[in-house]
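A.B. asks: Quick check, what structure comes out for this input:
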Amino acid sequence: MGRLETSDKESVHLVENEIQARIDNIFSNLERLEILSSKEPPNKRQNAKLRVDQLKYDVQHLQTALRNFQHRRYIREQQERQREELLARTFTTNDSDTTIPIDETLQFNESLQNAHRGMDDLIGSGTNILQGLRDQRVTLKGTHKKILDVANMLGLSNTVMRLIEKRAFQDKYFMIGGMILTCVIMFLVVQYLT
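C.D. replies: Model prediction:
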């Protein structure tokens with residue numbers, strides 16, 4: 001970002017593209033890191049998830065800083081262009097027959113400025129919608145992972161419950177067999193002692 005502030009007009013686009021590519025790469029690495037953090041042992045999982053979320057938050061701040069810089073650069077370039085157009089315009093004296101259609105020109109200029117503002121608003125809302133969709137994607141991926149974790153836990157719980165029921169069933173037969181064996185031994189002891 002520091003290199004972006006000090007770069008000249010010709011290389012600023014290259015630096016911006018490089019930063020955007022790195023941010024996209026970081027986002028993809030964070031998604032992989034989030035998957036890996038869900039595979040951590042349960043006692044380390046929460047700490048790993050917290051670190052991944054902090055990294056995502058930091059990268060989103062970098063993305064916002066890049067967008068702000070691009071917006072400032074766009075406004076600065078537009079102002080320079082308008083200044084150059086104004087300085088390059090040649091002014092001549094008016095003939096006596098010349099009339100200036102100022103109302104039409106003023107309306108045309110206002111219409112152009114309104115259209116320009118409308119396009120800027122449209123681009124801004126499109127950027128916000130795109131960012132919202134990215135945030136929703138991240139949220140949905142997290143929710144999907146949580147649902148998979150719960151499903152895995154439920155599957156494990158069903159398996160454990162079946163094993164407990166099977167063990168209880170076997171224990172009942174061992175108990176009945178032990179009671180019968182004890183009764184037989186007591187009966188034999190009574191028979192031999194009397």
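A.B. asks: same question for the lengthiest helix in the chain, mean pLDDT?
C.D. replies: Scanning the chain for the helix with the most residues, using DSSP state H, yields helix 102-193. Averaged across helix 102-193, pLDDT comes to 86.
A.B. asks: same for it, what does it pack against?
C.D. replies: Counting contacts by 3 or more CB pairs under 8 Å, 6 or more residues apart in numbering; DSSP states H and E, helix 102-193 packs against helix 12-38. Every residue, glycine included, has its C-beta placed from N, CA and C.
A.B. asks: Would you mind listing the buried residues in the helix it packs on?
C.D. replies: Using 16 or more other CB atoms under 10 Å as the test for burial, helix 12-38 gives 12, 15, 16, 19, 26, 27, 30, 33, 34, 37, 38.
A.B. asks: any idea of the mean pLDDT in it?
C.D. replies: The average pLDDT within helix 12-38 is 87.
A.B. asks: got the angle between it and helix 102-193?
C.D. replies: 20 degrees (axes from the mean of the first three to the mean of the last three CA atoms, to 10 degrees).
A.B. asks: what's the next secondary structure element after helix 12-38?
C.D. replies: helix 42-88 (DSSP states H and E).
A.B. asks: what about that following helix, distance to the chain center?
C.D. replies: The chain centroid and the centroid of helix 42-88 are separated by 15 Å under CA atoms, centre = their mean, to the nearest Å.
A.B. asks: what's the average pLDDT for that helix?
C.D. replies: Mean predicted confidence for helix 42-88 is 88.
A.B. asks: helices or strands up against it?
C.D. replies: helix 2-6, helix 12-38.
A.B. asks: Just want the angle from that helix to helix 102-193.
C.D. replies: 170 degrees.
A.B. asks: Alright, I will stop here.
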